[in-house]
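Chemist: predicted model follows, preceded by the sequence.
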Amino acid sequence: MNKDIRHDLIEQANAGSIAAQYNLAVMYTQGMGGEPDHEQALHWFTKAAEQGYDMAQYNLGVMYAEGRGTPRDDALAAHWYRKAAEQGHVMAQCSLGVALIYGLGVEQDRVEAVQWLYQAAERGCTEAQYNLGLMHSDGIGVAQSDAKAAEWFLKAAELGYDKAQCNLGMLYAEGRGVPQDDVRAAQWFYKAAEQGCPDGQFNFGLMYSFGRGVGKDERKAAKWFRLAAEQGDATAQCKMGVIYAHGRGVQQDDVEAAKWYRLAAEQGDAMSQCSLGVMYAAGRGVEKDDAEAHQWLLRAAQQQYPMAQHALGVMYAEGRGVPRNEEQALLWFRRAAERGHAKALYNLGVMYASGIGVERDLSMARRWYRRAAAQGNAKARHNLDTLNAMERTAMLSGVRAVSCVVPPPEATAPRPLRLTRRNP
């Protein structure tokens with residue numbers, strides 16, 4: 001900022017000029033002529049806001065909401081949003097609506113939130129239109145209505161709002177509030193994806209992967225998954241791991257698979273944590289390391305991911321990466337079995353039938369074999385038949401535990417299309 005211009009603005013601002021106060025705050029915010037100075041920006045926005053200038057009131061609310069130049073204070077943010085909203089400031093109305101939805105600095109009131117969002121949406125605020133779409137979709141503050149959600153998403157989508165485009169694509173893909181139409185779904189996903197929306201990119205990749213609304217093309221699917229993954233989207237990173245692990249649309253490459261699984265695993269994605277653990281256990285794409293495998297599998301298992309729980313059971317049963325512990329094996333098999341994992345159901349049957357880590361109990365063995373057999377496990381069916389035919393047999397056929405293997409394709413199948421959630 002030119003020193004003479006700044007000096008003149010400061011003089012005018014100190015004399016009470018609202019325009020000078022506001023412009024000075026903007027200059028300090030943007031760092032014109034130097035580094036941004038948020039404390040000075042806060043000072044001058046406050047001066048203009050206290051004189052009733054709605055744009056300064058809104059910007060002051062943003063600074064308190066984001067903790068710029070001051071500790072974050074949701075109550076003061078909501079206070080200034082309301083001041084500006086009552087004067088008709090569109091973005092302030094939208095921001096106040098969001099604060100009321102979540103009770104940020106104000107008492108939660110979703111009915112009032114809808115009223116403020118509606119005012120902003122009617123004046124063309126795409127973020128308000130998008131949020132109204134979400135509220136109608138979920139029945140928050142209004143009666144649930146997919147048709148109304150589609151109407152609001154469409155308004156924002158036609159004005160180029162990428163998240164609304166993505167959600168409108170979702171509604172067409174599922175036939176909610178609009179006729180089911182994969183072609184239109186793909187078109188809206190593409191519009192969002194082209195703007196860099198990771199959810200749009202991921203969903204458009206799924207459309208190519210499944211051949212819905214577009215011709216099935218694994219290479220194009222991989223392209224869009226990669227774009228989302230490169231933006232740090234954990235689900236897309238996991239999908240890239242699957243793609244490279246199985247060579248779908250790309251050359252099969254375990255090293256690349258492990259790289260993408262790790263990126264997603266470090267963000268807490270349970271499927272990726274499990275897959276990375278399995279790759280360490282098998283020495284695929286990484287150096288074989290049972291201890292490292294155990295750590296990743298444990299992280300996934302603690303998120304109730306059944307494949308990881310089963311794999312941990314195997315490690316304890318075989319003493320791989322951990323001391324052999326039949327009680328721990330039983331515990332993890334049980335947790336996986338309770339979530340319907342077929343091999344864990346079978347292994348529990350074996351342990352109860354053989355008295356491994358638990359007192360021998362043929363009735364419990366039958367129970368677990370029966371559940372595994374219902375899922376098509378042939379070994380469980382055989383052992384169940386053996387039990388029924390030979391009540392007095394002490395030794396049963398079957399293995400104590402199933403080896404830990406890299407998840408088959410169906411275990412890491414593409415996840416459903418995603419309805420994106422975002423607020424201003």
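Modeler: In hand now; what should we look at?

Chemist: only C-alpha atoms from now on, for both contacts and neighbour counts.
Modeler: Fine.

Chemist: for stretch 207-227, give the mean pLDDT please.
Modeler: Mean pLDDT, computed over stretch 207-227, is 97.

Chemist: list the buried residues for that stretch?
Modeler: Neighbour counts over stretch 207-227 (16 or more other CA atoms under 10 Å) mark 207-209, 212-214, 216-227 as buried.

Chemist: start and end of it, how far apart?
Modeler: Length of stretch 207-227, first residue to last, CA to CA, to the nearest Å: 15 Å.

Chemist: just give me how far stretch 176-192 sits from the chain centre.
Modeler: Distance of stretch 176-192 from the chain centroid (CA atoms, centre = their mean, to the nearest Å) equals 21 Å.

Chemist: ugh, wrong one, I meant stretch 59-67
Modeler: Worked out by CA atoms, centre = their mean, stretch 59-67 lies 26 Å from the chain centre.

Chemist: got a list of contacts for it?
Modeler: 42, 45-46, 49, 69-74, 76-81 (CA atoms under 8 Å, 6 or more residues apart in numbering).

Chemist: now swap in stretch 124-141 and tell me
Modeler: By CA under 8 Å, 6+ apart, stretch 124-141 touches 90-91, 94, 110-111, 113-114, 117-118, 120-121, 142-146, 148-153, 155-156, 159, 161, 163-164, 421-424.

Chemist: just to revisit the earlier point, in helices only, show me the buried residues of stretch 207-227.
Modeler: 207-209, 218-227 (DSSP state H).

Chemist: reformat the residues you listed as JSON lines; add distance to Gln251.
Modeler: Below are these laid out as JSON lines (distance: CA to CA, whole Å):
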{"residue": "Met207", "distance to Gln251": "21"}
{"residue": "Tyr208", "distance to Gln251": "18"}
{"residue": "Ser209", "distance to Gln251": "16"}
{"residue": "Glu218", "distance to Gln251": "11"}
{"residue": "Arg219", "distance to Gln251": "10"}
{"residue": "Lys220", "distance to Gln251": "14"}
{"residue": "Ala221", "distance to Gln251": "14"}
{"residue": "Ala222", "distance to Gln251": "11"}
{"residue": "Lys223", "distance to Gln251": "13"}
{"residue": "Trp224", "distance to Gln251": "16"}
{"residue": "Phe225", "distance to Gln251": "15"}
{"residue": "Arg226", "distance to Gln251": "14"}
{"residue": "Leu227", "distance to Gln251": "18"}
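
Chemist: which one of the residues you listed sits closest to Tyr53?
Modeler: Nearest to Tyr53 out of these is Leu227 (CA to CA; 42.2 Å).

Chemist: who's in contact with the closest one?
Modeler: Applying CA under 8 Å, 6+ apart, the residues contacting Leu227 are Pro198, Gln201.

Chemist: how near is it to Glu39?
Modeler: 38 Å.

Chemist: Leu76 sits in which helix or strand?
Modeler: Following DSSP states H and E, one finds Leu76 within helix 74-85.

Chemist: pull out the buried positions in that helix.
Modeler: So helix 74-85, judged by 16+ other CA under 10 Å, has buried residues Asp74, Ala75, Leu76, Ala77, Ala78, His79, Trp80, Tyr81, Arg82, Lys83, Ala84, Ala85.

Chemist: show me how the protein divides into domains.
Modeler: 1-123, 133-231 (automatic domain parsing).

Chemist: what's around Gly34, how many residues?
Modeler: For Gly34, the neighbour count with other CA atoms under 10 Å is 10.

Chemist: tell me the secondary structure of it, please.
Modeler: coil (DSSP: H, G, I helix; E, B strand; the rest coil).

Chemist: tell me where the model's unsure across the stretch 101-250 of the chain.
Modeler: Within the stretch 101-250 of the chain, no range satisfies pLDDT under 70.

Chemist: what about the strands in it?
Modeler: Assigned by DSSP state E, counting those that start in this stretch, the stretch 101-250 of the chain shows no strands.

Chemist: what is the nearest of the buried residues of helix 74-85 to Leu362?
Modeler: Closest approach between the buried residues of helix 74-85 and Leu362, by CA to CA: Asp74, at 60.6 Å.

Chemist: quick one: contacts for the closest residue in space to the closest one that isn't next to it in sequence?
Modeler: Leaving aside its chain neighbours, Asp74 sits nearest to Gly105 (4.3 Å; criterion: CA to CA, 6 or more residues apart in numbering). With contact set as CA under 8 Å, 6+ apart, Gly105 has these partners: Asp73, Asp74, Ala75, Leu76, Ala77, Ala78, Ala99.
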